[in-house]
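S.K.: below are the sequence and a predicted model; questions follow.
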Amino acid sequence: MNVMRHSSYDYVIVGGGSAGSALANRLSADPSHKVLVLEAGRPDSWWDIFIHMPSALAFPIGSPRYDWKYESEPEPHMNGRRIYHARGKVLGGSSSINGMIFQRGNPLDYERWAADPGMSQWDYAHCLPYFKRMENCLAGGDEFRGTEGPLALERGPAKNPLFQAFFAAVQQAGYPLTKDVNGFRQEGFAPFDRNIRRGRRLSAARAYLHPVMGQRKNLDVVCRALVTRVVLEGKRATGVEYTRGGAAHKVTAGEVILCGGAINSPQLLELSGIGRADVLSAAGIEVRHALSGVGEHLQDHLEVYVQYACKQPVSMAPSLRWWNWPWIGMQWLFGRTGPGATNHFEAGGFVRSNDEVDYPNLMFHFLPVAIRYDGSAPSRGHGYQVHVGPMYSDARGSIHVKSSDPREHPAMRFNYLSTAQDRREWVEAIRCARAILEQPAMGEMNGGETSPGPGVATDEQILSWVAKDAETALHPSCTCRMGTDALSVTDPASMRVHGTEGLRVVDASVMPYVTNGNIYAPTMMLAEKAADLVLGTALPPEPVPFYRHAKP
């Protein structure tokens with residue numbers, strides 16, 4: 001993975017994460033295309049249990065070995081807190097350290113995309129074939145789901161008694177079950193698809209890169225290569241400069257494709273002199289191409305944990321105790337079974353928090369254990385929780401470089417809780433979660449709410465708790481958004497950076513609006529569709545009917 005066989009490539013892909021892995025696979029399928037992937041992180045070694053064991057996901061997050069460890073600037077509406085943002089520092093990017101949840105978003109998300117000028121080819125009918133192309137849905141295929149793609153998807157078993165009580169409770173609260181949240185009807189509750197195959201994490205690198213790296217002589221993957229600048233001749237990208245092992249390198253390219261994600265792609269554009277003139281000048285960077293939208297329009301999902309004590313000894317709490325880890329590790333190493341083989345996010349759902357929205361604006365993950373992303377638990381006792389938060393906050397932020405040093409993290413400002421809509425929907429989210437978890441179906445399990453606790457009751461108390469306790473769901477997006485207006489960055493018909501040649505962006509940063517749910521699946525779909533845009537091909541649209549809520 002660390003051999004470069006050429007000094008010039010047809011395509012240099014910056015970033016071997018979710019989008020970069022898929023794009024490299026598709027572009028290198030033609031042996032006449034020389035493709036180079038430059039990944040700043042290290043290899044995803046086959047023996048690394050913390051990457052590949054699903055339940056070990058809490059260990060990479062926060063570790064400098066696996067995580068770039070970003071932080072926001074002080075958030076003014078969250079008591080000046082800096083919100084921690086984990087990003088994968090390894091081949092596969094964040095798909096090698098994330099929660100492995102596969103959510104496409106609602107079909108109406110893509111109808112919203114397509115409603116913007118120049119975006120008609122991004123409606124659900126045009127996106128669906130690419131979702132299907134990448135999937136191997138082990139629960140079975142239909143007109144919505146694919147079964148022949150590289151990305152195997154296992155459905156969460158959700159057999160723990162807490163899941164069954166939760167499914168009964170949501171129905172008692174007036175919400176439906178659905179067969180498949182990625183199929184005809186997203187709205188409702190169901191077991192979730194996960195990027196797990198035979199008890200092992202299936203990252204984008206493992207699905208798309210590893211099967212072909214040793215077979216395709218036209219594909220090179222180099223890790224620990226930090227790209228510092230896109231080389232421009234006038235407005236044309238001709239290659240990149242990068243550092244590796246303390247030495248500076250340069251490689252030429254027919255095309256440069258940035259796949260660094262919503263943080264690193266705008267950062268690299270700005271380091272290369274492409275962006276807002278005032279930002280570049282303040283950082284001491286020569287303006288090569290003024291483009292005001294770079295780094296703007298930042299969106300994300302914020303979430304909280306509503307946690308309860310459990311009266312019955314049925315939660316996953318014993319798996320958190322260190323003295324059980326050797327047995328859990330042996331079960332996983334020798335059989336890919338046991339608590340180590342699950343990501344715990346086996347089920348959840350989507351609901352509308354008010355009658356003004358046309359489709360779900362809240363997402364729930366249910367876990368049969370009370371735990372935080374960093375692995376900390378409120379107590380040694382049994383518990384359960386939901387992760388919940390609004391999906392369509394109208395808060396907008398930005399990501400911009402602070403200096404010309406590529407190793408310095410950019411300034412990230414999300415502006416969480418800064419709008420009236422955002423604050424209203426947060427209150428609705430907590431009340432909705434409590435309405436579900438207090439239903440009679442949870443009665444035998446319900447040992448009382450432990451977080452935020454019954455003392456948090458009024459709207460003001462709820463918002464104060466959210467400001468103090470909420471964490472990012474790790475879905476930064478939209479900072480190089482597609483579009484045709486003056487503040488867009490990429491051309492929706494080609495993914496090219498406006499006003500340049502030979503330079504494209506393909507990752508979550510090009511989303512015009514964040515989707516409903518985890519953004520890994522939409523990012524992979526973007527990469528699949530972008531590969532065809534680069535190659536000048538396209539799958540035909542599939543206009544299938546999907547569920548729409550009928551307003552009274």
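M.R.: Right, received. Where do you want to start? Computed from a predicted model, the values in this text were never measured in an experiment.
S.K.: same for the lowest-mean-pLDDT helix or strand in the chain, what does it pack against?
M.R.: Of all helical and strand segments in the chain, the minimum by mean pLDDT, DSSP states H and E falls on helix 325-335, at a mean of 85. Helices and strands in packing contact with helix 325-335 are listed as helix 49-52; criterion 3 or more CB pairs under 8 Å, 6 or more residues apart in numbering; DSSP states H and E. Where C-beta positions appear, they are placed from N, C-alpha and C, glycine not excepted.
S.K.: tell me which strands the very next helix or strand once past the helix it packs on pairs with, and in which orientation.
M.R.: Helices and strands here follow DSSP states H and E; after helix 49-52, the next one along the chain is strand 70-71. Strand 70-71 has its sheet partners listed here by DSSP bridges as strand 84-85 (antiparallel).
S.K.: which SSE is immediately downstream of the strand it pairs with?
M.R.: Note on strand 84-85: by DSSP H and E, the next helix or strand toward the C-terminus is strand 101-102.
S.K.: now do the least confident helix or strand of the chain: everything it contacts.
M.R.: Helix 325-335 is contacted by residues 49, 53, 55, 199, 319, 337-341 when judged by CB atoms under 8 Å, 6 or more residues apart in numbering.
S.K.: go with 6 Å
M.R.: With CB atoms under 6 Å, 6 or more residues apart in numbering as the contact definition, helix 325-335 has outside contacts at 53, 319, 337-341.
S.K.: same check, this time on stretch 471-487
M.R.: 83, 85-86, 116-118, 262-263, 265-266, 292-293, 295, 297-301, 303, 399, 488-490, 492, 505, 508-512, 514, 519.
S.K.: how about it: buried residues?
M.R.: Residues of stretch 471-487 classed as buried by neighbour count (16 or more other CB atoms under 10 Å): 471-483.
S.K.: and the closest residue to Glu270 other than its chain neighbours, what does it touch?
M.R.: Excluding the flanking residues, the one nearest Glu270 by CB to CB, 6 or more residues apart in numbering is Val401, at 4.6 Å. Under the criterion of CB under 6 Å, 6+ apart, the contact partners of Val401 comprise 267, 270, 283, 410.
S.K.: give me the pLDDT value at the last one.
M.R.: Okay, so that is Pro410. According to the per-residue confidence, Pro410 scores 98 in pLDDT.
S.K.: how many neighbours does it have?
M.R.: Pro410 is surrounded by 22 other residues when neighbours are defined as other CB atoms under 10 Å.
S.K.: of the contacts of stretch 471-487, buried ones?
M.R.: By neighbour count, with 16+ other CB under 10 Å, the contacts of stretch 471-487 hold 83, 85-86, 116, 262-263, 265-266, 293, 295, 297-301, 303, 399, 488-490, 492, 505, 508-512, 514, 519 as buried.
S.K.: by contact count, what packs against whichever strand or helix holds Arg423?
M.R.: Secondary structure here is read from DSSP H and E; on that basis Arg423 sits in helix 420-437. Using 3 or more CB pairs under 6 Å, 6 or more residues apart in numbering; DSSP states H and E as the contact criterion, the neighbours of helix 420-437 among helices and strands are strand 383-390, helix 459-469.
S.K.: out of these, deepest packed?
M.R.: Per residue and on average, the most neighbours among these fall to strand 383-390, with a mean of 25 (mean count of other CB atoms under 10 Å).
S.K.: who touches it?
M.R.: Strand 383-390 is touched from outside by 162, 301-303, 305-310, 315, 361, 364-368, 370, 425, 429, 433, with contacts defined as CB under 6 Å, 6+ apart.
S.K.: now the angle from it to helix 420-437?
M.R.: 150 degrees (axes from the mean of the first three to the mean of the last three CA atoms, to 10 degrees).
S.K.: direction included, what does strand 383-390 pair against?
M.R.: Sheet neighbours of strand 383-390, with direction, are listed as strand 302-310 (antiparallel), strand 362-367 (antiparallel) (DSSP bridges).
S.K.: contacting residues around the first one?
M.R.: Put plainly, it is strand 302-310. Contacts of strand 302-310 from elsewhere in the structure, counted by CB under 6 Å, 6+ apart, are 370, 382-387, 389, 416, 433, 445, 447-451, 466, 469-470, 473.
S.K.: which ones among the buried residues of stretch 471-487 lie within strands?
M.R.: Applying DSSP state E to the buried residues of stretch 471-487, the entries found in strands are 471-472.
S.K.: quick check: phi and psi on the residue nearest to Glu270?
M.R.: Backbone geometry at Val401, expressed as degrees, to the nearest 10, gives phi -70, psi 150.
S.K.: show me where the stretch 151-300 of the chain has helices.
M.R.: Per DSSP state H, counting those that start in this stretch, the stretch 151-300 of the chain carries helices over the ranges 161-172, 204, 210-213, 261-271, 277-282.
S.K.: just for the chain, where's the confidence low?
M.R.: Confidence mapping of the chain against pLDDT under 70 gives the ranges 1-3, 373-380, 552.
S.K.: run the last query once more with 90
M.R.: Using pLDDT under 90 as the threshold, the predicted model of the chain has low-confidence ranges 1-7, 57-58, 214, 315-329, 331-335, 337-340, 344, 355, 370-381, 550-552.
S.K.: residue with max distance from the center of this structure?
M.R.: Here the centre of the chain is the reference, and by CA atoms, centre = their mean the most remote residue is Glu444, at 35.2 Å.
S.K.: look up the closest residue to it, ignoring the ones flanking it.
M.R.: Nearest residue to Glu444 in three dimensions, chain neighbours excluded: Gln312, at 6.3 Å (CB to CB, 6+ apart).
S.K.: now the residue farthest from the centre of the chain: which helix or strand?
M.R.: When elements are assigned from DSSP H and E, Glu444 belongs to no helix and no strand.
S.K.: over to Val37?
M.R.: strand 35-38.
S.K.: partner strands of that strand and their direction?
M.R.: Based on DSSP bridges, the pairing partners of strand 35-38 within the sheet are strand 8-14 (parallel), strand 219-222 (parallel).
S.K.: ok now do the closest residue in space to Gly99 that isn't next to it in sequence, which residues does it touch?
M.R.: With CB to CB, 6+ apart as the criterion, Gly99 has its nearest non-adjacent residue at 5.3 Å, and that residue is Phe345. With contact set as CB under 6 Å, 6+ apart, Phe345 has these partners: 99, 101, 365.
S.K.: out of the residues you listed, who's the most crowded?
M.R.: Of all the contacts of Phe345, the most densely surrounded is His365 (24 neighbours; neighbours counted as other CB under 10 Å).
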